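Visitor: here is my input; please provide its structure:
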Amino acid sequence: MSASSRLLFARGRDERGFGMVELVAAMTIMMIGVLAVFALFQSGLVQLRRASTITTAGALADAEMERFRAVRYETLGLDETEVAALVTAEDPDVYAADDAYADDTSVTTTVSGGITASATTLTVSSATGFPATAEFRVKVEGEVLIVTAGAGTTTWTVERGGDGTSPAIHNAGAVVTLTERVALASCSGGGSPCTSVVPSKSSTGADGKSYRVDTFMTWSQVASGDGTAGRAVKKLTVVVRDPTSPYREWARVTSIFDEATGL
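Guide: Just a heads-up that it's a prediction; the model follows:
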């Protein structure tokens, strides 16, 4: 090794002049790198926990829907009293604010001329807001009537005593309300058909955590490929939420149940 090479090598290993400023700068750069790596791991852990929660919530929603598929079609519904109590208890609303919730009081008209307990024709003062094609359901003083023809006009052909209700006499001026929710009496009060489904409950997932499970049941109308309207089917939606912060939704599953197939 030449003299000049040895001199350069010695200068490269010489630590003189490495003062406090350089040391602080080097430590700062190292700290930034360590914190960045720590933040990366922390973010990964958060995402893993969130993915685990979403997976568990999805499994709960699927299990709930499978339970519905195992029961009789006529027992699928929600008790109106329980739904009203849930909506009233929440401030601000969570259940009623969901897109799957249907308000049965938004579209109304009145009976024209009255109707007997055996009549199959219902005349109303206005059809504004009601479906333009049959079939759909209306409620008059506690009785559910299924409109099978005449939709879009003020004279409807109806089936009486739908959804387990009893046909009754309705005088002129009685309020007619479009029924969008699938309503059945709770089995706790007896009667048949009845429902054991509750609109909201708490369930424990496979991860041992508690989840809020909301169930919505509404009427929907099927149509053929050419747009021809068919009979009404039940549209069930299950939403799994964070019980402490119910506005946070973890999973949502929707399925259609048909009277002919049970699906």
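
Visitor: for the stretch 1-150 of the chain, which segments are assigned as helices?
Guide: Listed in chain order, the helices of the stretch 1-150 of the chain (DSSP state H, counting those that start in this stretch) span residues 3-13, 20-69, 80-89.

Visitor: what's the most buried one of those?
Guide: helix 80-89 (a mean of 15; mean count of other C-beta atoms under 10 Å). Heads up, the C-betas are built off the backbone N, CA and C, glycines and all.

Visitor: just checking the distance from that one to the centre of its chain.
Guide: Between the centre of helix 80-89 and the centre of its host chain there is 16 Å, according to C-alpha atoms, centre = their mean, to the nearest Å.

Visitor: only C-alpha atoms, please: export it in CSV.
Guide: In CSV, the C-alpha atoms belonging to helix 80-89 read as follows (Å, rounded to 0.1, in the frame of the first residue of the first chain):
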residue,chain,number,x,y,z
GLU,A,80,-95.3,-4.2,14.9
THR,A,81,-95.4,-3.5,18.6
GLU,A,82,-91.7,-4.6,19.0
VAL,A,83,-90.6,-2.6,16.0
ALA,A,84,-92.4,0.5,17.3
ALA,A,85,-90.9,0.1,20.8
LEU,A,86,-87.4,-0.2,19.3
VAL,A,87,-87.8,2.8,17.1
THR,A,88,-89.2,4.9,20.0
ALA,A,89,-86.4,3.8,22.4
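
Visitor: contacts for it?
Guide: Outside helix 80-89, the residues that touch it by C-beta atoms under 8 Å, 6 or more residues apart in numbering are 93, 95, 96, 181, 183, 186, 198, 199, 200.

Visitor: give the rounded mean pLDDT of it.
Guide: Over the span of helix 80-89, the pLDDT mean works out to 91.

Visitor: before we move on, which element is residue 231 in?
Guide: Counting by DSSP states H and E, the element that carries residue 231 is strand 229-241.

Visitor: what's the very next helix or strand once past that strand packed up against?
Guide: Using DSSP H and E, the helix or strand that follows strand 229-241 in sequence is strand 249-257. The helices and strands touching strand 249-257, judged by 3 or more C-beta pairs under 8 Å, 6 or more residues apart in numbering; DSSP states H and E, are helix 20-69, strand 210-223, strand 229-241.

Visitor: what is the nearest of the contacts of helix 80-89 to residue 217?
Guide: Ranking the contacts of helix 80-89 by separation from residue 217, with C-beta to C-beta as the measure, puts residue 181 on top at 6.5 Å.

Visitor: for residue 232, see how far away the closest residue to the closest one other than its chain neighbours is.
Guide: Taking C-beta to C-beta, 6 or more residues apart in numbering as the measure, residue 181 lies nearest to residue 102, with 5.1 Å between them; neighbours along the chain are not counted. Taking C-beta to C-beta, to the nearest Å as the criterion, residue 102 is separated from residue 232 by 13 Å.
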